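*Asks:* build me a structure from this.
(chains A and B)
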Amino acid sequence: MLKKITTVGDSSIICDFGENVDLITNSKVIKLFYYVKNLSQEKKIKGLLNYTPSYNKLLISFDLEKVKSNEIIERINSVDLTAIPEIIKPKNHLIPICYDEEFALDLKLMEKKLNLNFSEIIKIHSETSFFVYMIGFIPGHPYMGDMDKKLHLSRIPTPRLRVPKGSIGLAEKFCNTYTFEAPGGWNIIGKTPLEFFDIKKNNPSILSPGDTVKFESVKKSEIKNLK
Amino acid sequence: MMSTFSIERPGIHSTFQDKGRFGLQHLGVVAGGCMDSFLSDLANKLVGNDIYQPLVEFAHQGPQIKMISGKVHVSITGNIKFEIKKNNKKIIEGIPNSSFYLEEGDLLDVIATKKSIYGYLAVEGCFDLEKINNSFSTLLKAKIGPNGGRKLFINQKINVNSTIANNNKKLLSNFDKVNEIRVLPGKQLNYFSDKSLKDFYLEKYKISNNTDRMGARLEGNKLEHLSSFNIPSEGIAKGSIQVPGDGQAIVLLNDHPTVGGYPKIAHIITADYDNFVQKQPGSEVTFKEVSLKEAEIAFDKYLSYKKKQQSLISNANE
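*Replies:* Okay, the predicted model is just below:
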């Protein structure tokens, strides 16, 4: 449940759903996120600039020239979260992934740390149905969970300065996708040829918070053109 | 009229910006936009534009621009040293916070920002740019924005749909900047020792060289965490002051990451944000805690000051 709403500086508020990082908590965050986004787009709340869901919080930023925090807090407090309808139907995605050793940069390390061989790791990974907890860090970059306990890994000891675009990584109970080349410390299990993000599109990201994702193994020849 | 500039020297960090790209932070895209909204609004106002037109933001050293064709009404705002070399070789020393005309063959040299970081160049009319997802702002890291999401580059041509309906304008004002920055307390104060919380308000903090549009790193007394310095990642608001494991605070600025997992000790109030972003590396600031009420009153004052200054814009020849 929504535990409390507090101000963050003078032009943001944060809706706090407690400390748990789990699907139940996150689903509530996402429900409120879509509700607030919709209110803003239908101009039923004025002055909102951004709304950012994370594992267990929703940050709402606003234009101080148009609205003050107490008005927004009052408005959100008046919402009965259990009664709000599902506005957006989450999408289910099937994402191609190539597990070839050329792209699975941490294959050896993962086998050793997990005490599993790579085909067992692939099997568990490709059978998991992931939930998009949040998107952030770089544009379109998803944090997806929950990974089977057998694949829980800590980050690699020395983060890479450049993880190739399209790389798919694992850390703790989460799976990500490097939608652009970026520094990072997740264990790289494979690579996707899919373009996740295009700012010129009206909705630039393929994934949205609350969507579900399954990975489908593809051959190296199918993504050969990927750079 | 279509007029054209050529970039003879791009400067250190010159980008197209506007008020920002909003409504996409949940997809990992930060709003960005002009760092100093007082000066950027003023630049547009000086040439008779509304405040939503794109402009060139430059930092430290600005661009050198040659007019290839046409005539453009230009303004420069900030504490800026610049000059205009007319086609007839006459050199005119630039007066910042004023507007002037550039004609074919003229060379505008934005030499440096003085005791500040950012300055703005606006044109009457509009730069001929593609709006990317409702905004002209440039996010360099993600290569998002007009101009291919890049900085200005040497020899590039920039077209302007220029109008010259307005007279040259000026605003003779002295925008003094104070070194005391007002903040609201952070949300994760329980992550810091009492000593750190005291130090934060008593000690001076120096802006480090490691400062850009994403954030300003501060150097000073180490801010100790009680135990952990990780929180579950949460959405980040502009002006938040986070403290990573090394105990040196980072003020998150316009191009900040959208989410992050370090505890925040304070948040700069909106009224003092423009003032803070102009602090050069090496300069020192102190922080003063205020209440939300005080922050909101300060913002109203900031806003009326901004509007007052805009109303004082007068014809340049008077």
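*Asks:* contacts, neighbours, all on C-alpha from now
*Replies:* Fine.
*Asks:* the longest helix belonging to chain A and chain B, are they touching?
*Replies:* If you go by DSSP state H, chain A has its longest helix at helix A:23-41. No. Judged by CA under 8 Å from any CA of the partner chain, helix A:23-41 and chain B are separated, with a smallest distance of 8.5 Å.
*Asks:* which strands or helices does that helix pack on?
*Replies:* If you count contacts as 3 or more CA pairs under 8 Å, 6 or more residues apart in numbering or on different chains; DSSP states H and E, helix A:23-41 packs onto strand A:48-53, strand A:57-62, strand A:130-135.
*Asks:* run the last query once more with 10 Å
*Replies:* strand A:12-16, strand A:48-53, strand A:57-62, helix A:69-77, strand A:130-135 (3 or more CA pairs under 10 Å, 6 or more residues apart in numbering or on different chains; DSSP states H and E).
*Asks:* mind putting those into JSON lines with distance to chain B, mean neighbour count and mean pLDDT?
*Replies:* Below are the helices and strands packed on helix A:23-41 laid out as JSON lines (distance: least, CA to the nearest CA, whole Å; neighbours: other CA atoms under 10 Å in any protein chain shown; pLDDT from 0 to 100):
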{"stretch": "strand A:12-16", "distance to chain B": "7", "mean neighbour count": "22", "mean pLDDT": "97"}
{"stretch": "strand A:48-53", "distance to chain B": "5", "mean neighbour count": "26", "mean pLDDT": "98"}
{"stretch": "strand A:57-62", "distance to chain B": "6", "mean neighbour count": "27", "mean pLDDT": "98"}
{"stretch": "helix A:69-77", "distance to chain B": "9", "mean neighbour count": "15", "mean pLDDT": "95"}
{"stretch": "strand A:130-135", "distance to chain B": "5", "mean neighbour count": "27", "mean pLDDT": "97"}
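*Asks:* from the stretch 51-200 of chain B, which residue is nearest to chain A?
*Replies:* Distances between the stretch 51-200 of chain B and chain A by CA to the nearest CA are smallest at B:Leu184, namely 5.5 Å.
*Asks:* for that residue, give me phi and psi.
*Replies:* The phi and psi values for B:Leu184, taken as degrees, to the nearest 10, are phi -100, psi 150.
*Asks:* do the same with B:Lys198
*Replies:* The phi/psi pair for B:Lys198 (degrees, to the nearest 10) reads phi -70, psi -50.
*Asks:* contacts only, for it.
*Replies:* B:Leu223 (CA atoms under 10 Å, 6 or more residues apart in numbering or on different chains).
*Asks:* A:Ile95 is nearest to which of the helices and strands packed on helix A:23-41?
*Replies:* Nearest of the helices and strands packed on helix A:23-41 to A:Ile95, taken as CA to CA: strand A:130-135 at 10.9 Å.
*Asks:* list every C-alpha atom in that closest one, with coordinates, as PDB.
*Replies:* C-alpha atoms of strand A:130-135 as PDB (Å, rounded to 0.1, in the frame of the first residue of the first chain):
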ATOM      1  CA  PHE A 130       9.900 -11.200 -16.600                       C
ATOM      2  CA  PHE A 131       8.100  -8.100 -15.300                       C
ATOM      3  CA  VAL A 132       9.400  -4.700 -16.200                       C
ATOM      4  CA  TYR A 133       9.800  -3.000 -12.700                       C
ATOM      5  CA  MET A 134      11.100   0.200 -14.100                       C
ATOM      6  CA  ILE A 135      13.000   1.900 -16.900                       C
END
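*Asks:* report the angle between it and helix A:23-41.
*Replies:* Per axes from the mean of the first three to the mean of the last three CA atoms, to 10 degrees, the angle that strand A:130-135 makes with helix A:23-41 is 50 degrees.
*Asks:* for strand A:130-135, name the packing helices and strands.
*Replies:* Counting by 3+ CA pairs under 10 Å, 6+ apart, strand A:130-135 packs on helix A:23-41, strand A:48-53, strand A:92-97, strand A:142-145, strand A:174-177, strand A:212-217.
*Asks:* go with 7 Å
*Replies:* Judged by 3 or more CA pairs under 7 Å, 6 or more residues apart in numbering or on different chains; DSSP states H and E, strand A:130-135 is in contact with strand A:142-145, strand A:212-217.
*Asks:* parallel or antiparallel, list what pairs with it.
*Replies:* strand A:142-145 (antiparallel), strand A:212-217 (antiparallel) (DSSP bridges).
*Asks:* most tightly surrounded among those strands?
*Replies:* Most buried of the strands paired with strand A:130-135, by mean neighbour count (mean count of other CA atoms under 10 Å in any protein chain shown): strand A:142-145, with a mean of 25.
*Asks:* next secondary structure after that one?
*Replies:* The C-terminal neighbour of strand A:142-145 among helices and strands, as given by DSSP states H and E, is strand A:160-163.
*Asks:* elements contacting that following strand?
*Replies:* Contacts defined by 3+ CA pairs under 7 Å, 6+ apart place strand A:160-163 against strand A:182-184.
*Asks:* mean confidence score for the helix or strand following the strand it packs on?
*Replies:* Following strand A:182-184 in sequence order, the next helix or strand is strand A:187-191 (DSSP H and E). Mean pLDDT, strand A:187-191: 97.
*Asks:* re earlier: redo the strands paired with strand A:130-135 as TSV? Include mean pLDDT and distance to B:Lys90.
*Replies:* Compiled in TSV, the strands paired with strand A:130-135 are given as follows (pLDDT from 0 to 100; distance: least, CA to CA, whole Å):
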stretch	mean pLDDT	distance to B:Lys90
strand A:142-145	97	57
strand A:212-217	97	65
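*Asks:* of those strands, which is nearest B:Leu139?
*Replies:* strand A:142-145 (19.4 Å).
*Asks:* return the alpha-carbon coordinates of the closest one using CSV.
*Replies:* Provided in CSV are the C-alpha atoms of strand A:142-145 (Å, rounded to 0.1, in the frame of the first residue of the first chain):
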residue,chain,number,x,y,z
PRO,A,142,14.6,-2.0,-18.3
TYR,A,143,15.0,-3.5,-14.9
MET,A,144,13.2,-6.8,-15.2
GLY,A,145,12.5,-9.5,-12.5
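*Asks:* now tell me what touches it from outside.
*Replies:* For strand A:142-145, the external contacting residues (CA atoms under 7 Å, 6 or more residues apart in numbering or on different chains) are A:130-136, A:173-177.
*Asks:* and the residues you listed, which is closest to B:Phe200?
*Replies:* Using CA to CA, A:Gly136 is the member of those that lies nearest B:Phe200, at 29.3 Å.
*Asks:* okay, and for the chain, where does confidence drop off?
*Replies:* No chain specified, so I'll use chain A. A:224-227 (pLDDT under 70).
*Asks:* chain B, not that one
*Replies:* If you take pLDDT under 70 as the line, chain B has these spans: B:318.
*Asks:* grab the nearest non-local neighbour of the residue lying farthest from the centre of it.
*Replies:* Of all residues in chain B, B:Ser227 has its C-alpha farthest from the mean position, at 35.6 Å, by CA atoms, centre = their mean. Spatial nearest neighbour of B:Ser227, chain neighbours left out: B:Tyr191 (7.1 Å); criterion: CA to CA, 6 or more residues apart in numbering or on different chains.
*Asks:* burial measure for that neighbour, as a count.
*Replies:* Close neighbours of B:Tyr191, defined as other CA atoms under 10 Å in any protein chain shown, add up to 22.
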